[in-house]
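**Student:** fold the stuff below for me.
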Amino acid sequence: MSIRAVFRPWQLAVLQCAVFLLLGQAFVPRLGVEADEAVFAGPFFAPRDNLRTIQLGHSHFPLMVMDYIGTFKTLLYQPVVRTLRMNVWVLREPVLLAGALTIWLFYLLLRRCAGERAALAGCSLLAFDSVFLLTTCFDWGPVALQHLLLTAGMFFLVVFAQTRRDWWLMAGFFTFGLAMWDKAVAAWMLSGIAVAGVAVFGRQIRSLISRRRAAISVVALLMGCLPLILYNVRTKGSTFRSDNHAGAGNVSDKALILLETLRGEGLFGYLTAEDSQTPRPHPPEGLFQRAAFGVSECVHHSRHNWMLYGLVLAVLLAPITGAGARRAILFSVSAMAITWSEMVLVGGGGAVHHAILLWPLPALMMGVIFAGASRQFGRASLAAVVILLAASQLAVTNEYYVQMVRNGARASWTDAIFPLANYAKATPARQVFCLDWGMLEGLRLLSDGRLPLRQGYGGITKAEAAAMVADPSNIFVGHTQNAEIVRGNAEELIQFASESGYSRRLLAVISDSYGRPEFEVFRFAREP
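**Tutor:** Numbers count the residues shown, from 1 in each chain. Alright, predicted model coming up:
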C-alpha cells in the first residue's frame, strides 16, 4: 500500500509541520537565553525611549526595539509575557509555531505554483532543514517572523494573480510592510523578489497592473511598515544610517557561510561547545538520548547533509523540466542571487542568521525541479531523492542534539544564565551592573524585569564609574576570563576601582551545568 493511499497530500504536509514542531521540542530546553534572542522584550521592561515610542491616549506605543528591529514580535508576545512567567518554553514555543506555519504556507504556495509533487518535495526539504529549525527555535536573528511574513506575502500575491481579487493584493503588500517593520533587512529579500518577479513574470504582472491596484499596493505596504516610517521621520532616517554598512567585506568568507548554511553545518561551534571545551561531558540519560547517541555513532557523527549534492543534481535536471517549472526555477535563482548580492554589498551575509533569510527559496527551486523531473523518471525516483536528502538533514539535526546534550554551549548561549538569574534575584542590590555583552537582556527577561539592571560598559565616563564603585550596595556581573565576549571591560573597571582606592570582593562564581565557570559576581569595597 502506497503512502498516497493512506494520506492525502495536504495531510502529509500537516505531518511534516508536526514533525518540525516535535524536533523543536528536543532543543527548547537545551541552551541558555542569548541577548539577541531576548532583545525583543526590552520595551516591556526597559526605561522608555521617547524617540522609539509614540503616545496614544494615556499609553505609550513602542515603535522600535532598535534602529532596524521593530516591535512586531514584542506586541505578539505581550499577552504571553503579561500572563505567564517567562522561561525557555514560553520564549521558544511561539516561534516554533511560526516556523510550522511558514512550512504550511510554503506548501500552499508551491501547490498553487507548481502542483502537489513540488509542494510536498519542497515542504519536506524545508521542514527537515537543520539550520532552518535551529534559527527558528532560538530566533536570535531574529528570523522566524521574517520567514513567516515573507512566505505569507508571496502566497497572498500568487492567490491574487490567480483570482484577481484585490483583497489578496492588499494582504500581500501589507504583510511585506510588516516584514519591513519587524526587521528592516527584509528589504534585501523584498528587492530580490521584486526584481526577479518583474524579470521573469513581467508580462503577467503588466496584465494585472492598474492605477487603482498600484495605489492599493503602495498604501498597504506603507500601512504595514508605518511604525518604521514614523520612527525614521523622528530620527531623520536612523534605520538607514545605522544599518547601511557599505562594503562587500570578504566575499569568499560570506560565500563559505552560505555554503555551510546549505549543508547544515554552520552552527557547530556556535550553538554547541566542542569536546575540547568541555571538562565534564554529559553521558546520555534515558531511552531517547541513548537512541540519539546511537544514531550519531551509526552515521559517524555526521556534521553536514547532502543538500549540496541535491542542488547539483537539481541543476543537472533543470533542462528537462517544463516551461512553467523553468520560470519558477529562474525566479528562485534570480531572487536568491539578487538578495545575497545586496546582502553582501551592504555588509550583511557574514553570519548564518543572515544567510538563512534566503530560505525557503532553495527548497522552492529544488522541489520544482525534482517534481518536474519525476514526470520523466517516475514518482519513486522523486520519493527516493527527497527521502535521502531529508534523512541526511535529520542526521545533522541529531548531531546538533547530541552535541548539546554532551557538551552544552559556551559564550552567549551558556545555560549558566539560569543560576546567575536566580542568584541575582536572591542578592540584595541597589543596581546590578553587567560588565560584558550577552547577559543583560537574558537576565532582564528571566527576572521579568524585576532586577535593577544597568549596562556597565561602553561609553561609561570616569564620573559614572566612580559612582558605580563607590556604592557598596551595587553588585557587578562579568564573565570569567575564559568566557569573555568583549575582552577587557571588567578588567578596566577593576583597575579604575583599584586606582580609586577600592578592591573587588568576589561574591560568587557561577558555572554552567558542565562545570565551566562562566560568570563572576562581585562588589567593591573601600580599601582600609
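**Student:** which residues touch the helix or strand harbouring residue 314?
**Tutor:** Residue 314 belongs to helix 307-317 when elements are defined using DSSP states H and E. Residues from elsewhere that reach helix 307-317 (C-beta atoms under 8 Å, 6 or more residues apart in numbering): 125, 129, 259, 262-264, 362, 365-366, 369-370, 372-373, 385, 389, 392-393. For glycine as for every other residue, the C-beta is placed from the backbone atoms N, C-alpha and C.
**Student:** residues contacting residue 180?
**Tutor:** Contacts for residue 180 (C-beta under 8 Å, 6+ apart) come out as 186, 187, 190, 221, 224, 225, 228.
**Student:** most neighbours among those, which one?
**Tutor:** Within the contacts of residue 180, most neighbours by other C-beta atoms under 10 Å means residue 224, with 26 neighbours.
**Student:** give me the pLDDT for it.
**Tutor:** With respect to pLDDT, residue 224 scores 96.
**Student:** next, count neighbours for residue 87.
**Tutor:** Neighbourhood size, residue 87 [other C-beta under 10 Å]: 14.
**Student:** can you check residue 123 too?
**Tutor:** Using other C-beta under 10 Å, residue 123 has 30 neighbouring residues.
**Student:** which element is the spatially closest residue to it that is not a sequence neighbour on?
**Tutor:** Nearest residue to residue 123, sequence neighbours excluded (C-beta to C-beta, 6 or more residues apart in numbering): residue 107, at 4.4 Å. Using DSSP H and E, residue 107 maps to helix 88-114.
**Student:** next secondary structure after that helix?
**Tutor:** As assigned by DSSP H and E, the chain's next helix or strand after helix 88-114 is helix 116-127.
**Student:** who are the packing partners of that next one?
**Tutor:** When contacts are defined as 3 or more C-beta pairs under 8 Å, 6 or more residues apart in numbering; DSSP states H and E, helix 116-127 sits against helix 9-27, helix 88-114, helix 361-377, helix 379-407.
**Student:** next, the angle from it to helix 88-114.
**Tutor:** 150 degrees (axes from the mean of the first three to the mean of the last three C-alpha atoms, to 10 degrees).
**Student:** buried set for the helix or strand encompassing residue 74?
**Tutor:** Using DSSP H and E, residue 74 sits in helix 72-83. For helix 72-83, the neighbour count (16 or more other C-beta atoms under 10 Å) marks 72, 73, 74, 77, 81 as buried.
**Student:** quick one: pLDDT of residue 527?
**Tutor:** Residue 527 is given a pLDDT of 77.
**Student:** for residue 441, same thing?
**Tutor:** pLDDT, residue 441: 93.
**Student:** could you grab the helix/strand/coil label for it?
**Tutor:** helix (DSSP: H, G, I helix; E, B strand; the rest coil).
**Student:** before we move on, the earlier item: which of the contacts of residue 180 fall in helices?
**Tutor:** In this view, those that belong to helices under DSSP state H are 186, 187, 190, 221, 224, 228.
**Student:** ok, the fourth one touching residue 175?
**Tutor:** Going back to what we said before, that points to residue 221. No - Residue 221 is beyond contact range of residue 175, at 9.3 Å (criterion: C-beta atoms under 8 Å).
**Student:** I'd like the average pLDDT over whichever strand or helix holds residue 327.
**Tutor:** Secondary structure from DSSP H and E places residue 327 in helix 323-345. For helix 323-345, mean pLDDT is 90.
**Student:** ditto for stretch 501-509
**Tutor:** What stretch 501-509 shows for mean pLDDT is 94.
**Student:** buried residues, it. List them.
**Tutor:** By neighbour count on 16+ other C-beta under 10 Å, the buried set for stretch 501-509 is 502, 504, 508.
**Student:** nearest to residue 140, out of these: which one, please.
**Tutor:** Closest approach between the buried residues of stretch 501-509 and residue 140, by C-beta to C-beta: residue 508, at 26.9 Å.
**Student:** is that closest one within a helix or a strand, and which one?
**Tutor:** strand 502-511.
**Student:** partner strands of that strand, parallel or antiparallel?
**Tutor:** Using DSSP bridges, the strands paired with strand 502-511 are strand 517-526 (antiparallel).
**Student:** using CSV, write out every CA atom in the strand it pairs with.
**Tutor:** Output of strand 517-526 as CSV, limited to C-alpha atoms (Å, rounded to 0.1, in the frame of the first residue of the first chain):
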residue,chain,number,x,y,z
PRO,A,517,33.0,28.8,35.3
GLU,A,518,31.1,31.4,33.2
PHE,A,519,30.2,34.4,35.4
GLU,A,520,31.6,36.2,38.4
VAL,A,521,29.5,38.3,40.8
PHE,A,522,31.3,40.8,43.0
ARG,A,523,31.1,44.1,44.9
PHE,A,524,33.6,46.9,45.5
ALA,A,525,34.7,47.9,49.0
ARG,A,526,36.9,50.8,50.1
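**Student:** now it: how far from the chain's centre is it?
**Tutor:** Relative to its chain's centre, strand 517-526 lies at 33 Å (C-alpha atoms, centre = their mean, to the nearest Å).
**Student:** list the contacts of that strand.
**Tutor:** Residues outside strand 517-526 that contact it (C-beta under 8 Å, 6+ apart) are 414, 416, 420, 423-424, 427, 439, 469-470, 472, 474-480, 482-483, 490, 497, 501-512.
**Student:** in the stretch 51-200 of the chain, which ranges drop under the pLDDT threshold?
**Tutor:** For the stretch 51-200 of the chain, residues meeting the criterion pLDDT under 70 lie at 51, 56-59.
**Student:** domain parsing for this structure?
**Tutor:** What automatic domain parsing lists as the domains of the chain is 3-242+263-411, 415-526.
**Student:** picking that back up, looking at the buried residues of stretch 501-509, spot the one nearest residue 324.
**Tutor:** Checking these against residue 324 with C-beta to C-beta, the nearest one is residue 508 at 64.6 Å.
**Student:** quick one: contacts for the closest one?
**Tutor:** Residue 508 neighbours (C-beta under 8 Å, 6+ apart): 423, 520, 521.
**Student:** which element, helix or strand, includes the first one?
**Tutor:** It refers to residue 423. In this assignment (DSSP H and E), residue 423 forms part of helix 417-426.
**Student:** could you give the average pLDDT over that helix?
**Tutor:** 96.
**Student:** that one to strand 517-526, inter-axis angle?
**Tutor:** Using the same axes, to 10 degrees: helix 417-426 against strand 517-526 is 30 degrees.
**Student:** give me the neighbour count for residue 125.
**Tutor:** For residue 125, the count of nearby residues is 28 (other C-beta under 10 Å).
**Student:** skipping adjacent residues, who's closest to it in space?
**Tutor:** Spatial nearest neighbour of residue 125, chain neighbours left out: residue 363 (4.2 Å); criterion: C-beta to C-beta, 6+ apart.
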